[in-house]
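Student: Sequence first, predicted coordinates after that:
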Amino acid sequence: MRPQTIAILLSVAVAGCASTVDGTAARGPDGGLLTDVLPGLNPDGLDPFRPVEAGVIRVDAAIAPDAGEPTFADAAVFDQRYGTFYIGSNSGGSEDTTYVSATFRYLPYPDDLRCGQRSAGAWDLSVCTSAGAAPVDPHPRTFPNAGPLTLTGGLDDVSVRVQGSGQYIPYFEQGAQFPGPRTVRVRAPGTRDIPAIDLSFAVPPTVVVTAPAGAAELTIDRSRDLVVEWVPNAAREVWVVLSMTVSADGESRSYRAAVQAYGDAGRAVLPSRALAELPVLGRSVSLTVLPYNVSTARVGAWPLTTTVVGQGRRYAVTLR
């Protein structure tokens, strides 16, 4: 088969992709079945991949007298569905807040081209601008969900409701509902899309910062490494994040310099080469030091990543 023939085959395969993502494969491959519909709405009860829904594909017969006609049915690419939970402290602002969110998707959210990021070692620097349009979400409506979520084990029970689009309405309240260490139990009744949920997650202990010590206001010299130290902690990771926003000519630009370390390391360094790229004149400049536990699980056929954030330290910052 000639190279141009192979190119045609590949283009046909990509263009023909649809989704059968209900999580079963009891009746074999389903290339070309009329029952196949958009991702998340497939009633045919077949394999949990994305097959080429074209039955038997005939290749290059009109172009070349190749011996035989290569055919294939049900070529598949990987399923992209996933779920995420976020539980615990919100990293913005100067006081403790509680934030809980949940998402289940058949397709990933597209990259936002208004943001750029670069990394080196354990640190990264991201910059986002308000100029331009946000990406259009290609996910079909409605979104899959497991029904209302109930979180117990905190100071009060927390409920996360589902809106008409199928998406969860984030929970946001002043104060810390889940001070650590403690265990939070998450339950949901389940739906036709996602089975019932009954999972428990550990909230990490509060991070006790020993350096920089002192008041809640801090001056940071961008020409020197920022060293943060804490009493070794049982958290999977501790994140040190310096964030700020700059506005000019009707456009805002947000900066986020971050470094992470194991909780029991007791120390992280945000290097001067990252700090040097931050502008001096910014507003809402803050430094947060927070503990994170990140875990993975499966809910039926759904991979689920859960981020649980404990309490730590927040500083208002002046850069020089």
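Tutor: Okay, I see it.

Student: what residues are up against the most centrally placed residue in the chain?
Tutor: The structure's the chain has its C-alpha centroid closest to residue 84; by C-alpha atoms, centre = their mean the separation is 6.6 Å. Taking C-beta atoms under 8 Å, 6 or more residues apart in numbering, we find residue 84 in contact with 101, 102, 103, 304, 305, 306, 307. Glycine gets a C-beta too; all of them are placed from N, C-alpha and C.

Student: what's the answer for residue 279, then?
Tutor: Contacts of residue 279 by C-beta under 8 Å, 6+ apart are 244, 246, 255, 319.

Student: about what we covered before: what residues sit buried inside the helix or strand hosting the residue nearest to the centre of the chain?
Tutor: Assessed by DSSP states H and E, residue 84 sits inside strand 82-89. Of the residues in strand 82-89, 83, 85, 86, 87, 88, 89 count as buried by neighbour count, 16 or more other C-beta atoms under 10 Å.

Student: Kindly report the same for stretch 88-105.
Tutor: In stretch 88-105, counting by 16+ other C-beta under 10 Å, buried: 88-91, 97-105.

Student: quick one: which of those residues is nearest to residue 286?
Tutor: residue 91 (8.7 Å; C-beta to C-beta).

Student: returning to that earlier point: pLDDT score assigned to the residue nearest to the centre of the chain?
Tutor: For residue 84, the pLDDT comes out at 98.

Student: hang on, the earlier thing: I'd like the next helix or strand past the strand holding residue 84.
Tutor: strand 97-105.

Student: Paired strands for that following strand, with orientation please.
Tutor: Looking at strand 97-105 with DSSP bridges, its partner strands are strand 82-89 (antiparallel), strand 171-174 (antiparallel).

Student: Point out the one among these that comes closest to residue 199.
Tutor: Here strand 82-89 is closest among those (C-beta to C-beta), at 8.5 Å.

Student: related to what we said a few turns ago, can I get the strands paired with strand 97-105 in JSON lines with distance to residue 158?
Tutor: Shown next, in JSON lines, are these (distance: least, C-beta to C-beta, whole Å):
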{"stretch": "strand 82-89", "distance to residue 158": "9"}
{"stretch": "strand 171-174", "distance to residue 158": "6"}
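
Student: Of these, give the one that comes closest to residue 132.
Tutor: With C-beta to C-beta as the criterion, residue 132 lies closest to strand 82-89 of the strands paired with strand 97-105, at 25.5 Å.

Student: my read is residue 273 is in a strand, agree?
Tutor: No - under DSSP: H, G, I helix; E, B strand; the rest coil, residue 273 falls outside any strand and is assigned helix.

Student: Residue 306 bridge partners, please.
Tutor: With DSSP bridges as the criterion, residue 306 is bridged to residue 85, residue 295.

Student: Check residue 124 too.
Tutor: With DSSP bridges as the rule, residue 124 is bridged to residue 119, residue 258.

Student: Any stretches of the stretch 201-320 of the chain with poor pLDDT?
Tutor: 282 (pLDDT under 70).

Student: Tell me which stretches of it form strands.
Tutor: 209-211, 217-220, 226-230, 237-248, 251-261, 267-270, 283-299, 302-309, 313-319 (DSSP state E, counting those that start in this stretch).

Student: who wins for proximity to residue 122 among these?
Tutor: strand 251-261 (5.4 Å).

Student: Please point out which parts of stretch 244-251 sit buried.
Tutor: 244, 246.

Student: Surely residue 260 touches residue 268?
Tutor: Yes - between residue 260 and residue 268 there is a contact under C-beta atoms under 8 Å: 6.9 Å.

Student: out of those two, which sits in the more crowded spot?
Tutor: residue 268 (22 against 17; other C-beta atoms under 10 Å).

Student: Quick check: bridge partners of that one?
Tutor: Under the criterion used (DSSP bridges), residue 268 bridges to residue 228.

Student: got a list of what it touches?
Tutor: Going by C-beta under 8 Å, 6+ apart, the list of residues near residue 268 reads 122, 227, 228, 238, 240, 259, 260, 261.

Student: Pick the one among the residues you listed closest to residue 286.
Tutor: residue 240 (11.6 Å).

Student: didn't the closest one look like it was pressed against residue 229?
Tutor: No - distance between residue 240 and residue 229: 10.2 Å, which falls outside the contact criterion (C-beta under 8 Å).
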